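Chemist: have a look; sequence and predicted model below, questions after that.
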Amino acid sequence: MLFKGTKNRTAQQIADEIESVGGYINAYTARETTAYYVKFLKEDKNMAIDILSDMLLNSLIPEDELERERGVVLQELYQSRDTPDDIIFEHFQKTAFGDQPLGTSILETEKIVEKMTADDLRSYLAKYYHSDNIIFGAVGNLSHDDLLDSASKYLNSFNAEKTERYNTNFKYVGGSYSDIRDIEQVHAVVGFEGLSSKDNDYYTMAIMSSILGGGMSSRLFQEIREKRGLVYSIYSFSNSYSNNGTFGIYAATTADKLKELSDVLAVELLKIKEEISEKEFNRTKAQFKAGLLISAENNSTSCEQIVNQTAILGHPISHEELLKKLENVTIDDVKRLATKVLSSKASIVTVGQCDCSNVLKSFKNNGFSC
């Protein structure tokens, strides 16, 4: 709704001003943050930051625009539900954290979207959009002093009151869920309790995840796709929040192959607690380091990283510090973390023609807590 007009600009003017100079403006919502961002050429810096601050400080949230946007958000919700490899992660989040706020879908339900009012949104802005709750970051051809000057000029009108924060001590609970529907494949996620963004093993988790399912040379890709042809897509992931996180594996196969996929996956997960070769470990480290350095060449990725690091740790982390943290991770660290993570209760979710009983059976038979 902040794109729908301010005291100084209409929605059309916001779009026209940015795009007339080849810029791009957008926003996204994650589990614990909302981000507004703009990309622009250096000579258009003042105009771009002016528009961004105008949206954050002076949005009108008109009723007629709210009704139109309500329909757009509902369509987004329906689209997500119709996309199995999208909606399964909403089911997984709910299964992992239950009825706690961290288990709630970002898209919410029709009922909540339909009853939301302009006053609700204005109250939310007044409650959370304070100077102590916002991080302003930039990456590109500019100096830190330039950024401070821009903040002083364009962003000094934010309310300076302390923002009331929710309790974020959510508990991982685990469990299982099946979304039965008539589609060709069964999509599955098997997950476990992970780590918070501040955990000392954060980078150990990254390497563990990469060994298991971080690319074409990973164990799961080689064993389950290349050797057995059970899937087209399989990968591991980890999500970290303020006080906890999740680790998991996503895969999709046909219903008749789900049992075999589950058996092999369970065995491969158990192996990483005991077997990691120096060659495999060093290759994964090199792959991960290269990925970090390559991503640093992308301004958007770098900007997101420094803002997130500042939100979590209070300051950005240099590439040298990141590489040192990765270098300090050992094979024993990965084995220890794998033992810890895989001992937690599993969260098992499927979307497709059959339920998750075969996956549950495979993991229980291999000694996992389900």
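Modeler: Received, thanks.
Chemist: list the buried residues in stretch 252-262.
Modeler: Residues of stretch 252-262 classed as buried by neighbour count (16 or more other C-beta atoms under 10 Å): 252-253, 257-259, 261-262. Glycine gets a C-beta too; all of them are placed from N, C-alpha and C.
Chemist: what do you get for stretch 56-70?
Modeler: Using 16+ other C-beta under 10 Å as the burial criterion, the residues of stretch 56-70 that qualify are 56-57, 59-62, 65-66, 69-70.
Chemist: just the ones in strands from those, please.
Modeler: Judged by DSSP state E, the subset of those located in strands is empty.
Chemist: between these, which is nearest residue 6?
Modeler: Distance to residue 6 across the buried residues of stretch 56-70 (C-beta to C-beta) is lowest for residue 59, with 5.3 Å.
Chemist: tell me the secondary structure at the spatially closest residue to that closest one that is not a sequence neighbour.
Modeler: Nearest-residue entry for residue 59: residue 2, 4.6 Å, with adjacent residues in sequence omitted and distances by C-beta to C-beta, 6 or more residues apart in numbering. Applying DSSP: H, G, I helix; E, B strand; the rest coil to residue 2 yields a three-state assignment of coil.
Chemist: wait, residue 2 touches residue 55, no?
Modeler: Yes: applying C-beta atoms under 8 Å, one finds residue 2 in contact with residue 55, separated by 4.5 Å.
Chemist: now the residue nearest to residue 59: phi and psi?
Modeler: The phi and psi torsions at residue 2 (degrees, to the nearest 10) take the values phi -70, psi -10.
Chemist: tell me the pLDDT at it?
Modeler: Note for residue 2: predicted pLDDT of 96.
Chemist: from residue 154, how far out is it?
Modeler: As for residue 2, its distance to residue 154 is 15 Å (criterion: C-beta to C-beta, to the nearest Å).
Chemist: between these two, which has more neighbouring residues?
Modeler: Between residue 2 and residue 154, counting by other C-beta atoms under 10 Å, residue 2 is the more crowded of the two (22 against 19).
Chemist: who's in contact with that one?
Modeler: 27, 36, 55-56, 59, 61 (C-beta atoms under 8 Å, 6 or more residues apart in numbering).
Chemist: do residue 38 as well
Modeler: Contacts for residue 38 were tallied using C-beta under 8 Å, 6+ apart; they are 18, 23-25, 48-49, 51-52.
Chemist: at 10 Å instead, please
Modeler: If a contact means C-beta atoms under 10 Å, 6 or more residues apart in numbering, then residue 38 has 18, 23-27, 44-45, 47-49, 51-52, 55, 138 as its contacts.
Chemist: try residue 209
Modeler: Applying C-beta under 10 Å, 6+ apart, one finds that residue 209 lies in contact with 194, 218, 235-238, 247-249, 284, 288, 334, 341.
Chemist: rerun at 8 Å
Modeler: Neighbouring residues of residue 209 by C-beta under 8 Å, 6+ apart: 236-238, 247.
Chemist: of these, which is the most crowded?
Modeler: residue 247 (25 neighbours).
Chemist: and that residue, that's in a strand?
Modeler: Yes: residue assignment for residue 247, taken from three-state DSSP, places it within a strand.
Chemist: surely it touches residue 341?
Modeler: Yes: using C-beta under 8 Å, residue 247 is in contact with residue 341, at 5.4 Å.
Chemist: overlap in contacts of those two?
Modeler: Residues touching both residue 247 and residue 341 (C-beta under 8 Å, 6+ apart): 192-194, 205, 208.
Chemist: nearest spatial neighbour of residue 257, skipping sequence neighbours?
Modeler: Of all residues beyond its chain neighbours, the one nearest residue 257 is residue 230 (5.2 Å), with distances taken as C-beta to C-beta, 6+ apart.
Chemist: the one you found reaches residue 259, doesn't it?
Modeler: No: with contacts defined as C-beta under 8 Å, residue 230 does not count as touching residue 259, sitting 10.4 Å away.
Chemist: and the contacts of residue 38, which of them are in helices?
Modeler: Members of the contacts of residue 38 lying in helices (criterion: DSSP state H): 18, 45, 47-49, 51-52, 55.
Chemist: where's residue 186 relative to residue 356, distance?
Modeler: The value you get for residue 186 to residue 356, if C-beta to C-beta is used, is 9 Å.
Chemist: what do these two both touch?
Modeler: Common contacts of residue 186 and residue 356 (C-beta under 8 Å, 6+ apart): residue 350.
Chemist: mind listing the strands for the stretch 1-150 of the chain?
Modeler: The residue ranges that make up the strands of the stretch 1-150 of the chain, judged by DSSP state E, counting those that start in this stretch, are 24-29, 34-39.
Chemist: many thanks, I have nothing further to ask.
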